[in-house]
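# Model the structure of this input:
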Amino acid sequence: MVKYSIISLFLMTISLSSCQNKQNKTQEEQFDIYKTFVNVTKEKDKYILYKPCNADILEFEIKKDNTVNQKTNQDGVYKYSLEKVNYLNNTTAEIIVNQFYPSIYKDTIRISKVDNIWNINDRYYVYNENKTSYSYKEQPCHECFDSSYCNSIKLKNILKKNWQGKYHFSLEDLARMGETHSIYFDFDISDVGNPKIISQLDDKAKKVRNCEVTHITKDTLVLMDIKKNDDIFVLTKKDGDYNITGSPIYSLNPPNSNYPLTKE
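Modelled structure (predicted):
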């Protein structure tokens, strides 16, 4: 009798263990956390993709190799190793992680979901693969920074969108005082934060001017030589055609003051 009781208890333990494993597997299948999540915010009655200008979290990634990456807007990526996942039910879990960059400590991250919206430590997320279903919005710069910084960012964005690239023009066989010369200009705006003008007279060494943007629209770009403030170069465009004018350009071959530019 005792023998049969021990066997029955053993079989019951195996059965309970099997049921528990099956339940955990079902929870893991229904609650797939091994994904990349992107930050959303609730605006009125809907969720939108939201890019903050402060140091908020942009993405949260849990990988199958048990690494966890938390990408922020300003502070880079925080890296963790996943130690354990506790499935509390089919819609909530706690993951125990060890942070190893930029500092080392253990932390608990709580994850829950309602429909397609995930709540990770009281911030809202959606699967990265579903983000195209949501409208996109950036946080206004002035909510995080002063006006001078925001204006500089605005100028750089206009420059990048409308003017980034390299432009060329040349004047060859110019007759001056019994001599013939050729001059070549490259306008290098590949680095929007540091536009340059490279000029060369005949086969002499090239001269590089570091410039500052003093005015910009989608159709006009004004560059000023940082060392010679009276040297102003004006690039314009219309219907896909580019032109260059300005005080140094006029002095090349008066009374001509406007020449076509070629963009690479």
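
# secondary structure element for K161?
helix 147-162 (DSSP states H and E).

# counting contacts, what elements does that helix pack onto?
strand 207-216 (3 or more C-beta pairs under 8 Å, 6 or more residues apart in numbering; DSSP states H and E). In this view, the C-beta of every residue, glycine as well, is placed from N, C-alpha and C.

# for the strand it packs on, which positions count as buried?
Along strand 207-216, these residues count as buried under the neighbour rule (16 or more other C-beta atoms under 10 Å): R209, C211, V213, I216.

# do the same with stretch 239-256
For stretch 239-256, by 16+ other C-beta under 10 Å, it's Y242, N243, I244, T245, G246, P248, I249.

# now for these, which pair is the farthest apart?
Y242 and P248 (17.1 Å; C-beta to C-beta).

# ok, back up a step: can you tell me which of the buried residues of strand 207-216 is nearest L174?
Ranked by distance to L174 (C-beta to C-beta), the buried residues of strand 207-216 are led by R209 at 20.0 Å.

# can you pull the contacts of the closest one?
K196, I197, I198, S199, D225, I226, K227, K228, D231 (C-beta atoms under 8 Å, 6 or more residues apart in numbering).

# from what I can see the second one touches F185, true?
Yes - in terms of C-beta atoms under 8 Å, I197 counts as a neighbour of F185; the distance is 6.7 Å.

# that older thread, are any of the contacts of R209 buried, and which?
K196, I197, D225, D231.

# Keep only those of those residues that are in strands.
K196, I197, D225 (DSSP state E).

# Just give me the closest of these to N116.
Lowest distance from N116 to those (C-beta to C-beta) belongs to K196, with 48.4 Å.

# list the contacts for that closest one?
Contacts of K196 (C-beta under 8 Å, 6+ apart): F187, D188, V208, R209, N210, C211.

# Surely the last one touches D225?
Spelled out, it's C211. Yes - C211 is within contact range of D225, at 6.0 Å (criterion: C-beta under 8 Å).

# Which residues are in contact with each of these two?
In contact with both C211 and D225: I197, F233, using C-beta under 8 Å, 6+ apart.

# follow-up on the earlier one: take the contacts of K196 and write them to a markdown table, including pLDDT and distance to C150.
Below are the contacts of K196 laid out as a markdown table (pLDDT from 0 to 100; distance: C-beta to C-beta, whole Å):
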| residue | pLDDT | distance to C150 |
| --- | --- | --- |
| F187 | 93 | 26 |
| D188 | 94 | 26 |
| V208 | 93 | 30 |
| R209 | 90 | 28 |
| N210 | 91 | 24 |
| C211 | 91 | 22 |
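
# Quick check: the two most widely separated of those residues?
Greatest spacing in the contacts of K196, by C-beta to C-beta: F187 and N210 (12.5 Å).

# Run through the residues that contact H181.
Taking C-beta under 8 Å, 6+ apart as the test, what H181 contacts is D173, L174, L201, D202.

# can you rerun that using 7 Å?
L174, L201, D202 (C-beta atoms under 7 Å, 6 or more residues apart in numbering).

# burial count for the last one?
Which is D202. 11 (other C-beta atoms under 10 Å).

# I'd guessed it sits against S182; true?
Yes - between D202 and S182 there is a contact under C-beta atoms under 7 Å: 5.8 Å.

# Return the member of the buried residues of strand 207-216 nearest to Y78.
V213 (35.5 Å).

# so what's the closest one scoring on pLDDT?
Turning to V213, the model gives it a pLDDT of 89.

# Can you tell me what sits against stretch 142-154?
With contacts defined as C-beta under 7 Å, 6+ apart, stretch 142-154 is touched by C53, N54, C141.

# how about the last one, phi and psi?
With angles defined as degrees, to the nearest 10, C141 sits at phi -60, psi -40.
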